[in-house]
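Student: sequence and predicted model, in that order:
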Amino acid sequence: MKLHELHDNDGASKSKKRKARGPGSGKGKTAGRGIKGQKSRSGVAIGGYEGGQMPLYQRLPKRGFNKPNAKHFAVVNLSILQKFIDAGKIDAKAAITEDLLVESGLVRRKLDGIRLLAKGEIKAKLDITVTGASKAAVEAVEKAGGKVNLPAA
């Protein structure tokens, strides 16, 4: 096989419809835009306009509220923490801080802090300092012989 023998399979590529290229093209003269009116002209964007009828986005009920100052925490589960300790990326004997978790690649960035959750189990004895932790996560770490340090709220 040579480079000049390469080609697509039959029906794999289809040339686009060329508008306004004469009556034989099937989209000649007005190019499928009809006659006159706002939509037949260039430079028109009619977004959600429905010809004076109440637009759909205004007809639908709105519910809920997004708190503008809500805090977003990076989440760490016990299972992934144990996995990183087993892999040797985190030293369980040293004190574990949020900066250490970012350095090791366990979390990408701290956001408003790191929160420890109890998914999975932990076998290592840890001394970990994080912004927040669920009750179950604190119990699991203490059960393994470690301790979770949280800032005073």
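Tutor: Arrived safely.
Student: now the terminal residues of stretch 84-91, how far apart.
Tutor: Start and end residues of stretch 84-91 are separated by 9 Å (C-alpha to C-alpha, to the nearest Å).
Student: how about it: buried residues?
Tutor: 84-85, 90 (16 or more other C-beta atoms under 10 Å). All C-beta atoms are positioned from the backbone trio N, CA, C, and that covers glycine.
Student: which of those fall in helices?
Tutor: Among these, the residues falling in helices (DSSP state H) are 84-85.
Student: from the buried residues of stretch 84-91, which is closest to G145?
Tutor: Distance to G145 across the buried residues of stretch 84-91 (C-beta to C-beta) is lowest for I85, with 13.6 Å.
Student: is it true that that closest one touches A124?
Tutor: Yes. Here I85 reaches A124: they are 4.9 Å apart, a contact under C-beta atoms under 8 Å.
Student: any common contacting residues for the two?
Tutor: Both I85 and A124 are in contact with A92, where contact means C-beta atoms under 8 Å, 6 or more residues apart in numbering.
Student: what's R108 in contact with, if anything?
Tutor: 74, 102.
Student: where exactly do the helices run in the chain?
Tutor: Remark: helices assigned in the chain by DSSP H are 56-59, 78-86, 98-104, 135-143.
Student: now do the third one: distance to the chain's middle.
Tutor: This points to helix 98-104. 22 Å (C-alpha atoms, centre = their mean, to the nearest Å).
Student: what about that helix, average pLDDT?
Tutor: What helix 98-104 shows for mean pLDDT is 92.
Student: what does stretch 71-85 contact?
Tutor: 90-92, 101, 104, 106-124, 126, 130-132, 137, 140-141.
Student: adding distance to I35, write the buried residues of stretch 84-91 out as TSV.
Tutor: Output for these, formatted as TSV (distance: C-beta to C-beta, whole Å):
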residue	distance to I35
F84	67
I85	73
I90	71
